[in-house]
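In: model this:
(one chain, ligands or ions: 1)
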Amino acid sequence: MVSFKELGLVNTREMFAKAINGGYAIPAFNFNNMEQLQAIIQASAQTKSPVILQVSSGARKYANQTLLRYMAQGAVEYAKELGWEHPQICLHLDHGNTFELCKSCCDFGFSSVMIDGSSLPYEENIALTRQVVEYAHQFDVTVEAELGVLAGVEDEVQAEESHYTKPEEVIDFATRTGCDSLAISIGTSHGAYKFTPEQCTVDPETGRLVPPPLAFDVLDAIMEKLPGFPIVLHGSSSVPQEYVDIINKYGGKMPNAVGIPEDQLRKAAKSAVCKINIDSDSRLAFTAAVRKVLAEKPGEFDPRKYCGPAREEMVKLYTHKIVNVLGSDGKAL
Ligand SMILES: [Zn+2]
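Out: Numbering: from 1, shown residues only. As a prediction, the model looks like this:
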């Protein structure tokens, strides 16, 4: 057994309460490798933003769960070295799908877990979530649950169609499961292709695809049922078109990649939405930088020479999200 407290990590309870009261959201960034983690910590330390480091099942397979946990422990020390006196860093399991997996994360240093029973029938989702909550709370590990289905593909998470969260279910669900936060479906989705061109309109000035707006009426109805309860948005990358353009310019092929406009996320961050998940944008920043270096310097074969610029680009991206979209800068002094 390793408690997250021994690793210097924090759970989400206090950071969410402050975020709801303060009208901002905590960034939840996925990481799979050292450069991503360095970039997340540099951006968070520079801006003094609380941060959630997310580990998906894909990341666990790619990098190994134990190694990722030690990397998170290292991240706390690295943050202090960067001059962040009291780092508020949470290590979170993204899309846990079984009790055993969530238990293993609670047992080995994670400070927060998600149990995603959203694809199960309602009563089964409740039973599974309740089981995880009962276990996790013994160790002060916070639990995120999900109601409603997001469309899109990310690692092993995929669904053809989205189903908005039903506001009439949320009180019963939150009360019976005891979950600490709730991921909802209001039109965000996983991956870099969140909407088909048919679902979008075209901006006459730029010719870019403009996605349909998020269902803020559903969010409002949920907040009315559960005042002050922490709400989570998954699949909230914006798919910056400048990265897509660089990728396409230097040999990539990402036609019609489209994400959630940042003004929509800014609006959400001011509400009870207190955790916003961003993964694809970091992948795009990384890939754009790597493609550019390799295209311009075809003789380059030192990974540091292209992963370094990729890391710098990710620092810029994370800093932008923290300061200009989520408003979490200066909230963990
Ligand atoms: Zn997700």
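In: let me know the outermost residue of this structure.
Out: The outermost residue of the chain, judged against the average C-alpha position, is Gly299 (35.6 Å), by C-alpha atoms, centre = their mean.
In: how about the secondary structure of that residue?
Out: Assigned by DSSP: H, G, I helix; E, B strand; the rest coil, the conformation of Gly299 is coil.
In: could you measure from it over to Asp116?
Out: For Gly299, the distance to Asp116 (C-beta to C-beta, to the nearest Å) stands at 45 Å. From N, CA and C alone the C-beta is placed, and that goes for glycine too.
In: now Glu198
Out: From Glu198 to Asp116 the distance is 28 Å (C-beta to C-beta).
In: tell me which of these two has more neighbours.
Out: Each of Glu198 and Asp116 has its neighbours counted (other C-beta atoms under 10 Å); Asp116 has more, 24 against 5.
In: residues contacting that one?
Out: By C-beta atoms under 8 Å, 6 or more residues apart in numbering, the residues touching Asp116 are 95-97, 145-146, 157, 183.
In: mind listing the helices for the stretch 101-250 of the chain?
Out: Along the stretch 101-250 of the chain, the stretches classed as helices by DSSP state H, counting those that start in this stretch are 122-137, 170-177, 216-225, 241-249.
In: Lys316: which of these is closest?
Out: helix 241-249 (10.8 Å; C-beta to C-beta).
In: what's downstream of the closest one, the next helix or strand?
Out: helix 262-269 (DSSP states H and E).
In: count of neighbours near Leu82?
Out: When neighbours are defined as other C-beta under 10 Å, Leu82 has 14 of them.
In: you'd agree it is up against Ser44?
Out: No: counting by C-beta atoms under 8 Å, Leu82 stays clear of Ser44, with 9.1 Å between them.
In: now the strands for the protein?
Out: Counting by DSSP state E, the chain has strands at residues 26-30, 51-55, 89-96, 112-115, 142-147, 151-154, 157-159, 181-184, 189-190, 201-202, 209-210, 231-233, 273-278.
In: pick out the shakiest of the ones you listed, pLDDT-wise.
Out: Among the strands of the chain, strand 157-159 carries the lowest mean pLDDT, at a mean of 59.
In: center of the protein - which residue?
Out: Taking C-alpha atoms, centre = their mean, the centroid of the chain lies closest to Asn277, which sits 2.2 Å from it.
In: what residues are up against that residue?
Out: If you count contacts by C-beta under 8 Å, 6+ apart, then Asn277 has 28, 30, 54, 94, 232-236 around it.
In: mind putting those into JSON lines with distance to Ile126?
Out: Converted to JSON lines, the contacts of Asn277 look like this (distance: C-beta to C-beta, whole Å):
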{"residue": "Ala28", "distance to Ile126": "24"}
{"residue": "Asn30", "distance to Ile126": "27"}
{"residue": "Gln54", "distance to Ile126": "24"}
{"residue": "Asp94", "distance to Ile126": "21"}
{"residue": "Val232", "distance to Ile126": "18"}
{"residue": "Leu233", "distance to Ile126": "22"}
{"residue": "His234", "distance to Ile126": "20"}
{"residue": "Gly235", "distance to Ile126": "23"}
{"residue": "Ser236", "distance to Ile126": "25"}
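In: please check these and keep the buried ones.
Out: Using 16 or more other C-beta atoms under 10 Å as the burial test, the contacts of Asn277 include 28, 30, 54, 94, 232-236 as buried.
In: skipping adjacent residues, who's closest to Pro255 in space?
Out: Asn248 (7.8 Å; C-beta to C-beta, 6 or more residues apart in numbering).
In: what do you get for Asp279?
Out: That would be Asn30: by C-beta to C-beta, 6+ apart, it lies 4.1 Å from Asp279.
In: that neighbour pairs with what?
Out: For Asn30, the beta-bridge partners are Gln54 (DSSP bridges).
In: Thr165: what's its closest spatial neighbour, skipping adjacent residues?
Out: With C-beta to C-beta, 6+ apart, the residue lying closest to Thr165 is Gly148, at 3.3 Å.
In: how many neighbours does that neighbour have?
Out: Neighbours of Gly148 under the rule other C-beta under 10 Å: 20.
In: for Arg176, same thing?
Out: For Arg176, using other C-beta under 10 Å, the count is 14.
In: pLDDT below threshold where in the stretch 151-300 of the chain?
Out: The stretch 151-300 of the chain contains residues with pLDDT under 70 at 152-161.
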